[in-house]
Every structure is written in C-alpha cells, then in structure tokens.
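Engineer: Provide a 3D model corresponding to the input given below.
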Amino acid sequence: MPSQANYQKVEMLREKIKGAQAVFVCEYRGLTVEKITKLRAQIRGAGGEMTVAKNTLMSIALKEEGFPVPEGLMSGPNGFTAVHGDPAAVAKVLKDFAKEKGNEALIIKGGILGDKILDVKQLLALADLPSREVLLAQVVGTMAAPIRGLVTVLSGPARGLVTCLSQIKDQKEKAA
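Structural biologist: So this is what the prediction gives:
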C-alpha cells in the first residue's frame, strides 16, 4: 500500500507539470550540486522548472495530468523539466549546458511535447529552432513583403513625376 508521503509527492509533481507545454527528461548522474543548481537557474530563466523525482511517481503524475508516459526514458536517476514557456528555449538551455566542458554527465534522454513523445534527436532539433519571437518576426516580415512591394510599385509613378518636374525646373533655371 502506497504511503501518504508518496501521495503527497505525486500531488506536488502534478502541480509542477500542470499546464506544462512540455516535459523533458535528462539523466543527471555525476553532476555536482553546484552544476545542477546552475542548470536549474538557467532553466528557470528560460521558462521551465527542473525537478528530480522517482520515475514511478513521475509516471503516475504524468498519467494523471493526461501526458503520455515515455516508458523507454523512465530508468536511472532522472531530472524532469516542466516547460511553461517556450519549449525551444528550454531545450536550447539543456543542449547548451550538456555541451559545455565538464557537464558531459548531463544526458538528454528525450521528453514529451504536447501529446507526442520526443526522442533525443527530436529534442535536439527542437533546441536548434529559433525562439518564438524570432519565428513571429519572420512570419510578420513574410506577410509584410508583398505590401512593401505594392507600396514601392504604386509610389513609382509619383516619384517619376517629381523627378521629371525637378529636371524641367532645372532646365528652365539654366535657360533663364
């Protein structure tokens, strides 16, 4: 029979992942407390929260919150990162931290994005995406390009008329 403490831990985990857009799974074995603290601070800055929990308790919390459970990732000492902001930004933080010299002990295993289970390659591809703001700026730029072209075409005759009138004025000034 599960203890009351486990029920409380599952409830705490549910609160942390409630409303999350993604949950990433990493193995942290071999990282010092100082490095994990630094990683957690970087993740918080990107809109996520890293929690170390037992795999069985996190599996229960994920099921209860409607997330698929990535059974293949639920082994070993795992850190679970709940993302409440931009998933690409948090994935980038994890990827960059794991690349730094001395942080090779952080092993990115995969995660959950919405209702899809991501493997390592997919999560790293997500990390390579530009941030949400950059993508929105690209969309707005793409939408504005035809309008900008139309304005240029429509202003052409007026610009030509002004240039022609300016040349006529210059010729009349020379003749006078």
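Engineer: ok, now which ones touch the residue nearest in space to the middle of the chain?
Structural biologist: Geometric centre of the chain, nearest residue: Ala88, 1.8 Å, by C-alpha atoms, centre = their mean. Ala88 is in contact with 126-127, 129-132, counting by C-beta atoms under 8 Å, 6 or more residues apart in numbering. To be clear about C-beta, it is placed using only N, CA and C from the backbone, and glycine gets the same treatment.
Engineer: just how off-centre is the helix or strand that contains it within its chain?
Structural biologist: Counting by DSSP states H and E, the element that carries Ala88 is helix 87-99. The chain centroid and the centroid of helix 87-99 are separated by 8 Å under C-alpha atoms, centre = their mean, to the nearest Å.
Engineer: again with stretch 18-30
Structural biologist: 13 Å.
Engineer: so what's Val25 bridging to?
Structural biologist: According to DSSP bridges, the partner residues bridging Val25 are Phe80, Gly110.
Engineer: that one and Leu106, how far apart?
Structural biologist: Applying C-beta to C-beta, to the nearest Å, the value for Val25 to Leu106 is 11 Å.
Engineer: ok, those two, which is more surrounded?
Structural biologist: Neighbour comparison, Val25 and Leu106: the larger count goes to Val25, with 25 against 21 (by other C-beta atoms under 10 Å).
Engineer: could you report the pLDDT at that one?
Structural biologist: Per-residue pLDDT puts Val25 at 92.
Engineer: ok, now the one 5 residues further on?
Structural biologist: What the model reports as pLDDT for Gly30 is 84.
Engineer: which SS class is it?
Structural biologist: At Gly30 the chain is in coil, as set by DSSP: H, G, I helix; E, B strand; the rest coil.
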